[in-house]
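> Provided below for reference: sequence and predicted model.
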Amino acid sequence: MKYAKNILETIGNTPLVKINALTKDLPCLVLSKYETFNPGNSVKDRMALQMIEDAEADGRLKPGGTIIEGTSGNTGMGLALAAIVKGYKCIFVMADKQSKEKVDMLKAVGAEVVVCPTAVEPDDPRSYYSVSKRLGEETPNSWYVNQYDNPSNTKAHYESTGPEIWKQTEGKITHFVVGVGTGGTISGVGKYLKEQNPNVKVWGVDTYGSVFKKYHETGIFDENEIYPYVTEGIGEDILPKNVDFSIIDGFTKVTDKDAAVYTQRLAKEEGMFLGNSAGAAIKGVLQLKEHFKKDDVVVVLFHDHGSRYVGKMFNDDWMREMGYIE
Ligand SMILES: Cc1ncc(COP(=O)(O)O)c(C=O)c1O
C-alpha cells in the first residue's frame, strides 16, 4: 500500500499550472507554482516544518514545549499541524487587520491566538512583533520561532520549493515572480535557481505601504514608505533577515485595489480560488510585461487558498465598501 505515515509527509511536490486567460496578452508561457495543495493550504507548511525540525535538532525546541510566533495565519497553520503530529503546544500572535477566518482556523487546529493592533510602530510594546517576543521570554519551555529572521525559513525553499520548480520546468525557467513578506520564499527559491542558471531573473512583488522596493533601489530605509495597507501576506515595515536583496533583480508594487480585483479574477477567469497575495502576484507579472520575450518561461508562486478571504476579497459588499468594485 502507498500512504503517507502522517500529514506532514504530504508537504511539498505541488503542481505547476499554466495561467491562460489572464496572461493572454503576454508573449511567454506563465506557470503558477500552486502551493495550496499543501496540507495547511499554503506554501508556509514547508518552512514551518523546517523551522521546527532544525529547532529540535539543536535543542531550541524540547519535548512538550510551546511554540510561539507572530503570524498572519499561514505560518501558524503549518506550525500547528506539525505541532499536533509532534506533540507541542502553540501560541500565535496576530495583527487585527488579518481576516477573522484566519484566527478561527488557527483555533480549529488547537492553537491559542492573541490579537494585537496593526496601527502601531513595530517597537511599540503592543505591536505583534513585541508581544510575540515578550511571550517567548515569559513562557516556560517555549521557543520563539521568528520566521522573519530564522534562516530555516529560506533554507526550506532552497531545499524543496526551488529544486521542484527547476525540475518541473526542466531547467527552462527564465523568470521567477513572487510576493515578498518574510522573504523566505523569494530568497530560498531565487538562490537555488540562480545557482542552477545565473541568468534566471528574480522579481519580488511588493505593496504600497511597504519598504522593500525603495530599499532595494536606493539602499534607503524610508519611513515615509510605511503606512497601513489592505493587501495581506506581502510587504513589511521592517527589513527581515530572510530578504536577501542581493538575489532579487527588482520589485514591482501592486495597489490594494488591483491585488483584490485580481484575486477575484483568478477565481472567476482561471478557476483558481486563491489568497490575496496571489492576486497581487499575478498583477505583478502583468506589470512586468515589458521584461518578457516569446520563449521565456515565467513562474509565479501562489502562496495560499481563497477560503481565508471569503469575508473580504470574495465578498462583493466588502469590495464595494472599499471602492474596489462598482
Ligand atoms: C498569503 C501570503 N503571501 C505571501 C507571503 C510572503 O511569503 P514570504 O514570507 O516567504 O516572503 C506570505 C507569508 O508571509 C503569506 O502568508
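Yep, it's here. What you see is a predicted model; the values in this text were computed from it and never measured.
> For whichever strand or helix holds residue 91, report the contacting residues that lie outside it.
When elements are assigned from DSSP states H and E, residue 91 belongs to strand 89-95. Identification of contacts with strand 89-95 by Cβ atoms under 8 Å, 6 or more residues apart in numbering yields 64-73, 76, 79-80, 83, 102-103, 106, 110-118, 128, 131-132, 135, 139, 142. In this view, the C-beta of every residue, glycine as well, is placed from N, C-alpha and C.
> How about it and the ligand, touching?
No - under the criterion of Cβ under 6 Å from any ligand atom, the ligand is not reached by strand 89-95; the shortest gap measures 11.5 Å.
> how near is residue 121 to residue 129?
When distance is defined by Cβ to Cβ, to the nearest Å, residue 121 is 10 Å away from residue 129.
> Could you pull up phi and psi at the closest residue to the ligand within the chain?
Scanning the chain for the residue nearest the ligand gives residue 233, at 2.5 Å (criterion: Cβ to the nearest ligand atom). When quoted as degrees, to the nearest 10, the phi and psi of residue 233 stand at phi 100, psi -30.
> check which helix or strand covers the nearest residue to it once chain neighbours are set aside.
Using Cβ to Cβ, 6 or more residues apart in numbering and skipping the chain neighbours, the partner closest in space to residue 233 is residue 277 (3.8 Å). When secondary structure is defined by DSSP H and E, residue 277 falls within helix 276-287.
> picking that back up, could you list the buried residues of the strand holding residue 91?
With burial defined by 16 or more other Cβ atoms under 10 Å, the residues of strand 89-95 counted as buried are 89, 90, 91, 92, 93, 94, 95.
> Just the C-alpha atoms of the helix or strand just after that strand, please, in PDB.
Secondary structure here is assigned by DSSP H and E; on that basis, the next helix or strand after strand 89-95 toward the C-terminus is helix 100-108. As requested, C-alpha coordinates have been extracted for helix 100-108 and formatted as PDB (Å, rounded to 0.1, in the frame of the first residue of the first chain):
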ATOM      1  CA  LYS A 100     -11.300  36.600  11.200                       C
ATOM      2  CA  GLU A 101     -11.300  33.300   9.200                       C
ATOM      3  CA  LYS A 102      -7.500  33.100   9.800                       C
ATOM      4  CA  VAL A 103      -7.900  33.400  13.600                       C
ATOM      5  CA  ASP A 104     -10.700  30.800  13.600                       C
ATOM      6  CA  MET A 105      -8.700  28.400  11.500                       C
ATOM      7  CA  LEU A 106      -5.700  28.500  13.900                       C
ATOM      8  CA  LYS A 107      -8.000  27.900  16.900                       C
ATOM      9  CA  ALA A 108      -9.500  25.000  14.900                       C
END
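> Run through the neighbouring helices and strands of helix 100-108.
Other helices and strands packing on helix 100-108, by 3 or more Cβ pairs under 8 Å, 6 or more residues apart in numbering; DSSP states H and E, are helix 74-86, strand 89-95, strand 112-116.
> Which of the ones you listed has the highest mean neighbour count?
Relative to the other members of the helices and strands packed on helix 100-108, helix 74-86 carries the highest mean neighbour count by mean count of other Cβ atoms under 10 Å, namely a mean of 25.
> For that one, name the packing helices and strands.
Packing partners of helix 74-86 (3+ Cβ pairs under 8 Å, 6+ apart): helix 44-57, strand 66-70, strand 89-95, helix 100-108.
> Up against the ligand, what does this protein have?
Within the chain, the positions adjacent to the ligand are 44, 72, 74, 179-186, 233-234, 275, 277, 303-304 by Cβ under 6 Å from any ligand atom.
> So which of the residues you listed belong to strands?
With strands taken from DSSP state E, the overlap with those comprises residue 179.
> Return a ChimeraX selection command for the buried portion of the residues of the chain next to the ligand.
One line in ChimeraX is enough to select the buried ones among those; burial here means 16+ other Cβ under 10 Å:
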select :44,72,74,179,180,181,182,183,184,185,186,233,234,275,277,303,304
